[in-house]
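[1] Quick one: sequence and predicted model below, then my questions.
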Amino acid sequence: MDFEFNIGGYNIKGWMVAVALPVLSSVAGGVYWSYDTLQRFYGVEAGIAEVVEKSASFDAKAGSLTTRITSVETYSQRILREAEAKLVSRIQTLEQAILDNDVRGLNQKLAQLSTNMTQILEQQKLLLDLRSQVDKATTITDGLGDSLKTLNTEIDDIWKAYDELVSNPL
């Protein structure tokens, strides 16, 4: 604790070093922080200058873009007017074709066609009823074929038995 040394004719004691070291360290940290903050500020300032410079070119480009948009609007309005004129012409052509082809007379033809379709549907219902009756008759007659075979076999057996009785009476 009684540490002491001499520098440049000054007598420095140990406790002075112990007090000066943290103070000097804090001062050095503050100087570094101030330098870093100042450098960051200069960086932001340079960025702002660059943004201002680029915004001037952006304004020029925006003016050019506005001119182009105006010309596109003018062009699109002209195209729309031409399309509208063509559409009106086509509609008039269709109206004339409808009048020429007597579309109003189609109503009578459609009514006649509807009547014919109704009659066809009624005839089709009748045909379907007849078909179901034919199917039922076919089912019945198919079952009769087996019964007739059995009856024919029994009749043949009875005739054979009768023939045996005639030729050989008991």
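    Thanks, I have it.

[2] Now do the strands in the chain.
    With DSSP state E as the criterion, the chain has strands at 4-7, 10-13.

[3] Same list (those strands) but as TSV, adding mean neighbour count and mean pLDDT.
    For every residue, glycine as well, the C-beta is placed using N, CA and C. Formatted as TSV, the strands of the chain follow (neighbours: other CB atoms under 10 Å; pLDDT from 0 to 100):
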stretch	mean neighbour count	mean pLDDT
strand 4-7	9	82
strand 10-13	11	85
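
[4] would you list those strands in CSV and tack on distance to residue 23?
    Shown next, in CSV, are the strands of the chain (distance: least, CB to CB, whole Å):
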stretch, distance to residue 23
strand 4-7, 18
strand 10-13, 14
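
[5] and of these, who's closest to residue 59?
    Among the strands of the chain, the nearest to residue 59 by CB to CB is strand 4-7 (64.3 Å).

[6] Packing partners of that closest one?
    strand 10-13 (3 or more CB pairs under 8 Å, 6 or more residues apart in numbering; DSSP states H and E).

[7] which strands and helices sit next to the strand it packs on?
    Using 3+ CB pairs under 8 Å, 6+ apart: strand 10-13 touches strand 4-7.

[8] Run the chain-centre distance for the strand it packs on.
    Centre-to-centre, strand 4-7 and its host chain are 88 Å apart (CA atoms, centre = their mean, to the nearest Å).

[9] What of stretch 45-65?
    Using CA atoms, centre = their mean, the offset of stretch 45-65 from its chain centre is 41 Å.

[10] From residue 47, how far out is residue 53?
    Noted for residue 53: a distance of 11 Å to residue 47, by CB to CB, to the nearest Å.

[11] Check residue 32 too.
    23 Å.

[12] what's the answer for residue 67, then?
    30 Å.

[13] With residue 9 instead?
    52 Å.

[14] The two - which one has more neighbours?
    Taking neighbours as other CB atoms under 10 Å, residue 9 and residue 47 compare with residue 47 leading, 10 against 5.

[15] Read off the pLDDT value for that one.
    Per-residue pLDDT puts residue 47 at 87.

[16] ditto for residue 122
    The model's pLDDT for residue 122 equals 90.

[17] Also residue 65?
    With respect to pLDDT, residue 65 scores 84.

[18] Return the residues in contact with it.
    By CB atoms under 8 Å, 6 or more residues apart in numbering, no residues touch residue 65.
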